[in-house]
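1. show me the folded form of this:
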Amino acid sequence: MDMKYFDCHSHWATDKGYLFRTDAEREQQNKIWKTKFELFTEDSQAEYFRKNKVKTILDISWIKELNIDQMKQYHDYVFDVQSKHRDVMFGQWLQFNPKTHGKEAVKEFQRCIEKNVGFVGLCVNGQVTGLPANEPEWEPFYKASIDANSPVMILTGLTGIGQGLPGGKGIVLDDGHPKYIDRVAAKFPKLRILAARPAWPWQDDMLAILLHKPNVSYELHGWGPKQFTPTLKKEIGKRMQDRVMFGCDFPVLRYEKVIEDWMSEGYSEEVVTKVLFQNAENYFNN
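-> Residues are numbered from 1 along each chain as shown. Here you go, the predicted structure:
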């Protein structure tokens with residue numbers, strides 16, 4: 001099947017933007033995702049996307065603990081690179097820690113939206129920040145996103161960050177339970193929410209929320225489709241085929257393997273086209 005792909009969530013693989021910053025973190029990548037650490041230049045990263053016929057939204061997630069002036073420099077960096085590779089870089093997810101930056105983070109989020117150099121959306125990481133998605137500190141971001149008609153990504157389920165480390169690096173998995181997505185969706189019916197990652201071990205909870213809340217859609221980065229639960233696999237081919245979108249999680253996972261696995265799962269050509277491209281194309285250009 002010759003087609004294009006829309007990757008709703010991956011990370012930067014350049015020296016300046018790479019997700020993992022220390023040697024220990026980069027060694028952990030191999031343990032958790034079974035892929036080796038490799039740096040790309042800004043141009044070779046874009047060429048890798050072109051080679052794989054991918055349009056992507058990237059997440060430079062680790063900068064959320066920097067001060068605002070430092071964050072601005074990184075945000076301007078990603079937008080500058082994106083402006084040179086708009087054919088394969090659709091946009092950016094931005095992460096913040098409201099406990100650290102408060103109102104200044106909201107102003108920076110709005111500044112990035114107003115630059116108008118491609119899609120800009122908020123990514124809520126309740127587990128790493130220790131602030132579940134329904135906490136009031138997130139509400140100014142949600143209101144700004146509604147005003148901009150920009151979807152918000154809310155991470156849910158098991159995270160590879162901290163996995164296997166003492167105390168899970170202090171991360172509480174329950175802070176990413178889909179019940180918080182349900183509460184946000186109920187309180188902000190105009191907010192377009194993209195639940196992100198298979199919500200294991202709460203997969204059925206997430207499916208129930210999708211059935212109940214039409215303002216919630218689903219994106220499945222971080223896991224290969226062979227590892228999805230039987231229930232999720234079944235729903236992708238049936239009731240969820242218009243609500244589920246592809247995410248790769250490059251560079252810890254690679255398109256060559258993940259897309260091949262999607263193709264081998266026995267879904268119809270219509271379903272595969274929807275999940276790997278068309279649903280996201282419709283969603284983000286709405």
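2. in the protein, which spans are helices?
-> 23-33, 42-51, 68-84, 98-101, 103-114, 126-129, 139-148, 178-187, 203-212, 230-236, 255-263, 269-273, 279-284 (DSSP state H).
3. other SSEs contacting the second one?
-> Read that as helix 42-51. helix 68-84 (3 or more C-beta pairs under 8 Å, 6 or more residues apart in numbering; DSSP states H and E). C-beta coordinates here come from the backbone N, C-alpha and C atoms, glycine included.
4. 10 Å - rerun?
-> strand 5-11, strand 54-59, helix 68-84, strand 89-94, helix 255-263 (3 or more C-beta pairs under 10 Å, 6 or more residues apart in numbering; DSSP states H and E).
5. switch these over to CSV; also include mean pLDDT, mean neighbour count and distance to residue 28.
-> CSV is the format used below for the helices and strands packed on helix 42-51 (pLDDT from 0 to 100; neighbours: other C-beta atoms under 10 Å; distance: least, C-beta to C-beta, whole Å):
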stretch, mean pLDDT, mean neighbour count, distance to residue 28
strand 5-11, 97, 25, 14
strand 54-59, 97, 24, 18
helix 68-84, 96, 16, 22
strand 89-94, 97, 23, 22
helix 255-263, 95, 17, 19
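6. take those and lay them out in a markdown table including distance to residue 156.
-> Below are the helices and strands packed on helix 42-51 laid out as a markdown table (distance: least, C-beta to C-beta, whole Å):
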| stretch | distance to residue 156 |
| --- | --- |
| strand 5-11 | 12 |
| strand 54-59 | 15 |
| helix 68-84 | 24 |
| strand 89-94 | 15 |
| helix 255-263 | 19 |
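7. show me what contacts residue 268?
-> For residue 268, the contact set (C-beta atoms under 10 Å, 6 or more residues apart in numbering) comprises 237, 241, 274.
8. count of residues packed around the last one?
-> Right, the one you point to is residue 274. 23 (other C-beta atoms under 10 Å).
9. same question, residue 278
-> 17.
10. against residue 223, how distant is it?
-> 21 Å (C-beta to C-beta, to the nearest Å).
11. again with residue 105
-> Applying C-beta to C-beta to residue 105 and residue 223 gives a distance of 29 Å.
12. list the buried residues in the worst-scoring helix or strand of the chain on mean pLDDT.
-> Taking mean pLDDT, DSSP states H and E as the measure, the helix or strand of the chain with the lowest value is helix 23-33, at a mean of 78. Judged by neighbour count (16 or more other C-beta atoms under 10 Å), helix 23-33 contains these buried residues: 25, 26, 28, 29, 33.
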